[in-house]
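J.: With the sequence up front, the predicted model follows.
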Amino acid sequence: GVGLLRAPRQRAGRRRRRLPAALTACAPQRERRASFPPRRVFATARIAMAHGAPALRSFRLLCISVAPLILSAGCGGAAAPEVRPAGGLVRTLSASAAPSSAAAPGAADATAAPDLLLLRGVVHLASGADAVAVRGARIVAVGRSEELQATAGPRTEVIDLAGRSVVASLTDAHTHLLKLGLAQGHANLRGCTSPEACARVAALPPAAIPSAASPSAALPSAAPPTAPWIEGGGWDQNLFPTKVFPTARDLDAATGPRPAWLRRVDGHAAWANTAALRAAGVTAATKDPPGGRIVRDARGEPTGVFVDAAMALVDRVVPAPSDAEREAAIERAQALALAAGLTEVHEMGLDEASLAAYKRLNAAGRLHVRVYAYRSGGTPEDRTRGLEAAPDPRSPDATFHIGGLKLYADGALGSRGAALLAPYTD
């Protein structure tokens, strides 16, 4: 959403309102009143900032570039370091700040040259700063460009930000990171324009399934080639010519005897083939559960689409991912998040097995994004489980924290599960 923000236009006779620095810092100073160009590139760095304490506080650094430039790897030999323009290639660093140096502008350690200098930017980490120095895995100074440039050595990579900004990077306040990772080996039905087209994609072997993040750059598959169920998601009946829900029959010819279970784009409905209906034991006699609906034809037979709480009727027979599969999915998804400049997420609605997977990764040092987790509150039993006291933000334990409970009131508009005062008219 940050990429869509722009500073408000100035009106005659009125003082222009100032947006918070974290929002207005998405463009060079001279371009803040202009709309953003269609191409935006992020260079990210994961920074652990310490504020006068032995333990490090996880903090993130984000350089936002509005021009497609290339990051240099730096120079060698005894020649003076070359100043490169800010780059357009996604780049992840791992750095932590020394409590003494990061707090004092210009206080770079004179015993060794920094590995990286970011110069002439708008640095929202210290008052009056326009430069950052990094050595190895540590920020050694935040200060003025003219002071820090003098610390450069022959192998220092020097990047001229040319007015671009260095800010605390982005937090996504509502994500499903684990589900994103699992989806990388499932059928990606986003954008398909008919039930038949969706069925053809669903029937593809996992190796041929394009990545949801980039159709041309598939990630390692989450599903084995002989997975007992075909899983996927992203379909939207509003893109179909008839704009009506698909049916089990639409899937049967392409998927054959393997059960297929495909979630709608909003996650509030799912589509099953006949084999999945049979595996779940769902028939015309099956009653709609509280908070859910089985879509039926004129004879009362299930058509194959389940809305909201009714999805549990099929979910209960779909093989659950193993502990190892959950961990691998989280690692896949965090790589996508970091590549997009997201270094903190709010992970919404996790069950106990998923929470345990996150805790294992965090304990093993394999969790590289900060995760603020919300425990699922979908059942009365879920709602009796406690939350965790907030950890010290400077503690390594702050990387993963169960701080919220996700509750459910109704469904969503697109899947026709939202509670409205009048019937749908769209």
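T.: It's in.

J.: Quick check: which ranges of the protein have low pLDDT?
T.: Counting by pLDDT under 70, the chain shows low-confidence ranges at 1-111, 137, 168, 206-226, 378, 382-383, 389-391, 393-397, 426.

J.: if we go to 50?
T.: 1-80, 87-110, 210-223 (pLDDT under 50).

J.: in the lengthiest helix in it, what counts as buried?
T.: Longest helix of the chain, by residue count under DSSP state H: helix 323-339. Neighbour counts over helix 323-339 (16 or more other CB atoms under 10 Å) mark 325-330, 332-338 as buried. C-beta here means a position set from N, CA and C on the backbone, and glycine is covered the same way.

J.: Could you export the residues you listed as TSV, including distance to Val166?
T.: Below are the buried residues of helix 323-339 laid out as TSV (distance: CB to CB, whole Å):
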residue	distance to Val166
Glu325	37
Arg326	35
Glu327	33
Ala328	33
Ala329	32
Ile330	28
Arg332	28
Ala333	26
Gln334	22
Ala335	23
Leu336	23
Ala337	20
Leu338	17
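
J.: Return the closest of those with respect to Leu116.
T.: Nearest to Leu116 among these: Leu338, at 17.7 Å, using CB to CB.

J.: from what I can see the closest one touches Val369, true?
T.: Yes: counting by CB atoms under 8 Å, Leu338 does reach Val369; the two are 6.5 Å apart.

J.: isn't there a strand covering Thr303?
T.: Yes: going by DSSP: H, G, I helix; E, B strand; the rest coil, the assignment for Thr303 places it inside a strand.

J.: Check the secondary structure at Glu388 for me.
T.: coil.

J.: Quick check: bridge partners of the residue lying closest to it once chain neighbours are set aside?
T.: Nearest residue to Glu388, sequence neighbours excluded (CB to CB, 6 or more residues apart in numbering): Ile402, at 4.6 Å. For Ile402, the beta-bridge assignment (DSSP bridges) gives partners Ala373.

J.: contacting residues for Ile402?
T.: Residues near Ile402 by CB atoms under 8 Å, 6 or more residues apart in numbering: Leu355, Ala373, Tyr374, Arg375, Leu387, Glu388.

J.: Next up, the contacts around the fourth one.
T.: Spelled out, it's Arg375. Arg375 sits next to Gly349, Leu350, Leu355, Asp382, Arg385, Leu387, Ile402, Gly404, Leu405, Lys406 when contact means CB under 8 Å, 6+ apart.

J.: quick one: the strands in the stretch 151-300 of the chain?
T.: 157-160, 165-167, 170-175, 187-188, 230-235, 260-264, 269-272, 292-296 (DSSP state E, counting those that start in this stretch).

J.: what would these look like in TSV with mean neighbour count and distance to Thr343?
T.: What follows is those, written out as TSV (neighbours: other CB atoms under 10 Å; distance: least, CB to CB, whole Å):
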stretch	mean neighbour count	distance to Thr343
strand 157-160	21	19
strand 165-167	24	12
strand 170-175	16	7
strand 187-188	25	25
strand 230-235	24	25
strand 260-264	25	27
strand 269-272	28	31
strand 292-296	19	36
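
J.: Which one of the ones you listed lies nearest to Glu344?
T.: Smallest distance to Glu344 across the strands of the stretch 151-300 of the chain (CB to CB): 4.1 Å, for strand 170-175.

J.: So which residues make contact with the closest one?
T.: In contact with strand 170-175 (CB under 8 Å, 6+ apart) are residues Val2, Leu62, Ala337, Gly341, Leu342, Thr343, Glu344, Val345, His346, Glu347, Met348.

J.: Tell me what angle the longest helix of the chain forms with strand 170-175.
T.: 140 degrees (axes from the mean of the first three to the mean of the last three CA atoms, to 10 degrees).

J.: What is helix 323-339 packed up against?
T.: When contacts are defined as 3 or more CB pairs under 8 Å, 6 or more residues apart in numbering; DSSP states H and E, helix 323-339 packs onto strand 41-49, helix 177-183, helix 352-363.

J.: out of the contacts of Ile402, which are buried?
T.: Leu355, Ala373, Tyr374, Arg375.

J.: Mind jotting down where the helices sit in the chain?
T.: 21-24, 99-103, 145-148, 177-183, 195-202, 248-255, 274-280, 312-315, 323-339, 352-363, 380-383.

J.: Any chance of those helices in a markdown table with distance to Arg164 as columns?
T.: A markdown table is the format used below for the helices of the chain (distance: least, CB to CB, whole Å):
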| stretch | distance to Arg164 |
| --- | --- |
| helix 21-24 | 13 |
| helix 99-103 | 20 |
| helix 145-148 | 13 |
| helix 177-183 | 28 |
| helix 195-202 | 39 |
| helix 248-255 | 48 |
| helix 274-280 | 50 |
| helix 312-315 | 46 |
| helix 323-339 | 19 |
| helix 352-363 | 33 |
| helix 380-383 | 45 |
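
J.: Deepest in the core, which of those is it.
T.: Per residue and on average, the most neighbours among the helices of the chain fall to helix 177-183, with a mean of 23 (mean count of other CB atoms under 10 Å).

J.: For stretch 246-263, measure first residue to last.
T.: 12 Å (CA to CA, to the nearest Å).

J.: Actually, stretch 254-266.
T.: End residues of stretch 254-266 are separated by 24 Å (CA to CA).

J.: Could you do stretch 260-276 as well?
T.: One end of stretch 260-276 sits 6 Å from the other (CA to CA).

J.: so how far is Ala227 from the nearest residue to Trp229 once chain neighbours are set aside?
T.: Sequence neighbours aside, Pro259 is the residue nearest to Trp229 in space, at 5.0 Å (criterion: CB to CB, 6+ apart). Here the criterion is CB to CB, to the nearest Å. By it, Pro259 lies 10 Å from Ala227.

J.: So the two - more neighbours on which side?
T.: Neighbour tally, Pro259 and Ala227, criterion other CB atoms under 10 Å: the higher count belongs to Pro259, 23 against 16.

J.: give me every residue that touches that one.
T.: With CB under 8 Å, 6+ apart, Pro259 has these contacts: Pro228, Trp229, Ile230, Ala272, Asn273, Ala275, Ala276, Arg278, Ala279, Val318.

J.: do you know how far it is from His401?
T.: Pro259 is 37 Å from His401, where distance means CB to CB.

J.: Then Ala270?
T.: 30 Å.

J.: With Val318 instead?
T.: For Val318, the distance to His401 - CB to CB - is 29 Å.

J.: got it, and Ala298?
T.: For Ala298, the distance to His401 - CB to CB - is 50 Å.
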